[in-house]
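A.B. asks: here's a sequence, model it:
(one chain, ligands or ions: 1)
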Amino acid sequence: MKEISQAVIRRMPRYYRYLGELIDSGVERISSSDLSARMNVTASQIRQDLNNFGGFGQQGYGYNVKNLFEEIGKILGLNEKHNIIIVGAGNLGQALANYIEFEKFGFLITALFDINPDLKQQRVRGIPVYMSEELDAFAQKNRVDIAALTIPKSKADTIANHLVDLGIPAIWNFANVDLELSDKNVMVENVHLSDSLMQLSYNIVKNKKEMQTGRSNV
Ligand code: NAI
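C.D. replies: Sure thing, here's the model as predicted:
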């Protein structure tokens, strides 16, 4: 299979979301220029991106929204179910477990793990919280596709490497640290909510400055 750049892959979820919204509002087909206007991406970018996967569009017809949605879903592996465990059942871990929409995309949270005895035998949205000692047995008995790491950053490397030893192939890392893993084949996706806040902060400051300069030019 042709290697697709990560930049293209990163844009795919956005296409997927927009196409899902179009389906919900009853749109059956769309041209790349209409999709471009809605998504604020150039039409040529859209054509280029989708050509990576064999096109899907037809000259003069545009894209069949449902087909494209399903194809992108397959590309993103959303036609398969992914079992997720959450390690660290604190504020963030519980918030993730409480979010029901992940299931819509085939991500099923099957268990949370923590060291805090107060959480023993608790459930979050019906999902069991187990003590960390139970992790190995759970991973041996149940398929785990992704482990979400929502623990303090000081413990992240040790826990992540333990998850790797258990054969868990992918880590969704929220602990603000670049993991040093013993197996480089394990996939890691880092999430930094503060990065997008900093970007927002940059734009707020930039906007303020532009308004001040605009005013002083009047
Ligand atoms: P929290 O303190 O509410 O939860 C952490 C949980 O991890 C606690 O329940 C604790 O008992 C558990 N824990 C500690 N050591 C453990 C171990 N060895 N095994 C299993 N569980 C263990 O903290 P919060 O607010 O939920 O944050 C969790 C992590 O996520 C922190 O590292 C924080 O910096 C990070 N974070 C990252 C964000 C991001 O955008 N990437 C946003 C918010 C938090």
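A.B. asks: do you know the pLDDT at Gly54?
C.D. replies: Model confidence at Gly54, given as pLDDT, is 66.
A.B. asks: cool, the one 3 residues further on as well?
C.D. replies: Looking at Gly57, its pLDDT is 66.
A.B. asks: how many other residues sit next to the residue of the chain found nearest the ligand?
C.D. replies: The nearest approach of the chain to the ligand comes at Gly90, 1.7 Å away (C-beta to the nearest ligand atom). Glycine gets a C-beta too; all of them are placed from N, C-alpha and C. Gly90 has 15 neighbours, counted by other C-beta atoms under 10 Å.
A.B. asks: quick one, grab the pLDDT at the closest residue to it other than its chain neighbours.
C.D. replies: Nearest non-adjacent residue to Gly90, counting by C-beta to C-beta, 6 or more residues apart in numbering: Thr150, 6.5 Å away. Residue-level confidence at Thr150 comes out at 98, pLDDT.
A.B. asks: quick one: contacts for Thr150?
C.D. replies: By C-beta atoms under 8 Å, 6 or more residues apart in numbering, Thr150 lies in contact with 86-90, 92-93, 96, 174-175.
A.B. asks: so what touches the top helix by length along the chain?
C.D. replies: The longest helix of the chain (DSSP state H) is helix 193-216. Identification of contacts with helix 193-216 by C-beta under 8 Å, 6+ apart yields Asn176.
A.B. asks: picking that back up, tell me how far the residue of the chain closest to the ligand lies from Val41.
C.D. replies: Separation of Gly90 from Val41 (C-beta to C-beta, to the nearest Å) stands at 37 Å.
A.B. asks: quickly find the element holding Ala147.
C.D. replies: strand 146-149 (DSSP states H and E).
A.B. asks: just Thr110 next, same as before
C.D. replies: Thr110 belongs to strand 107-114, assigned by DSSP H and E.
A.B. asks: in its sheet, which strands sit next to that strand, and in what direction?
C.D. replies: strand 82-87 (parallel), strand 127-131 (parallel) (DSSP bridges).
A.B. asks: could you see whether the ligand lies near it?
C.D. replies: Yes - using C-beta under 6 Å from any ligand atom, strand 107-114 reaches the ligand at 113-114.
A.B. asks: get me the contact residues on the chain for the ligand.
C.D. replies: Counting by C-beta under 6 Å from any ligand atom, the chain sits next to the ligand at 87-93, 113-116, 132, 150-153, 155, 159, 174-176, 191-194.
A.B. asks: dump the C-alpha coordinates for the strand holding Ala147 into CSV.
C.D. replies: What follows is strand 146-149, C-alpha atoms only, in CSV (Å, rounded to 0.1, in the frame of the first residue of the first chain):
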residue,chain,number,x,y,z
ILE,A,146,-5.4,1.1,23.1
ALA,A,147,-4.4,2.2,26.6
ALA,A,148,-5.2,5.8,27.6
LEU,A,149,-2.6,7.2,30.0
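A.B. asks: Provide the strand pairings for it, with the direction of each partner.
C.D. replies: strand 82-87 (parallel), strand 170-173 (parallel).
A.B. asks: what about the last one, distance to the chain center?
C.D. replies: Once both centres are worked out by C-alpha atoms, centre = their mean, to the nearest Å, strand 170-173 turns out to sit 10 Å from its chain's centre.
A.B. asks: beyond that strand, next helix or strand please.
C.D. replies: Following strand 170-173 in sequence, per DSSP H and E, is strand 187-190.
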